[in-house]
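Student: I would like the atomic coordinates for the input below:
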Amino acid sequence: MEVKAGSLWGDSAGKSFRVLSVTDVEGHTWVHYREDKGIKVPAIHCREYSCYLESFLSRFREQPE
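Tutor: So this is what the prediction gives:
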């Protein structure tokens, strides 16, 4: 499965996350993402995270827009 910047993903607890970027660094693919709480909550109030692509795919499933 391909992870693209701007795509929406969800976890098993029902939280949504927006992918900010996918970057290759020294042979590892990193996914940078943040909580997506909807349009009423400014991005500044959402936590940002990053992890390896493999970890991201094991934790999240892509959601339809």
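
Student: quick one: furthest residue from the center of this structure?
Tutor: Note on the chain: the largest C-alpha distance from the chain mean falls to Glu26, namely 20.5 Å (C-alpha atoms, centre = their mean).

Student: backbone dihedrals for that one, please?
Tutor: When read as degrees, to the nearest 10, the backbone of Glu26 gives phi 50, psi 50.

Student: quick one: contacts for it?
Tutor: Taking C-beta atoms under 8 Å, 6 or more residues apart in numbering as the definition of contact, Glu26 has no neighbours. (C-beta placed from N, C-alpha, C; glycine too.)

Student: distance of it from Cys51?
Tutor: 15 Å (C-beta to C-beta, to the nearest Å).

Student: cool, Ser21 as well?
Tutor: From Ser21 across to Cys51, the span is 13 Å (C-beta to C-beta).

Student: ditto for Val22
Tutor: 11 Å.

Student: any residues in contact with both of those two?
Tutor: Going by C-beta under 8 Å, 6+ apart, residues that sit against Val22 and also against Cys51 are Trp30, Val31.

Student: how many other residues sit next to Trp9?
Tutor: By other C-beta atoms under 10 Å, 20 other residues sit near Trp9.

Student: an error on my part: the question was meant for Val31.
Tutor: 23.

Student: likewise for the one 5 residues further on?
Tutor: The number of residues packed around Asp36, counting by other C-beta under 10 Å, is 18.
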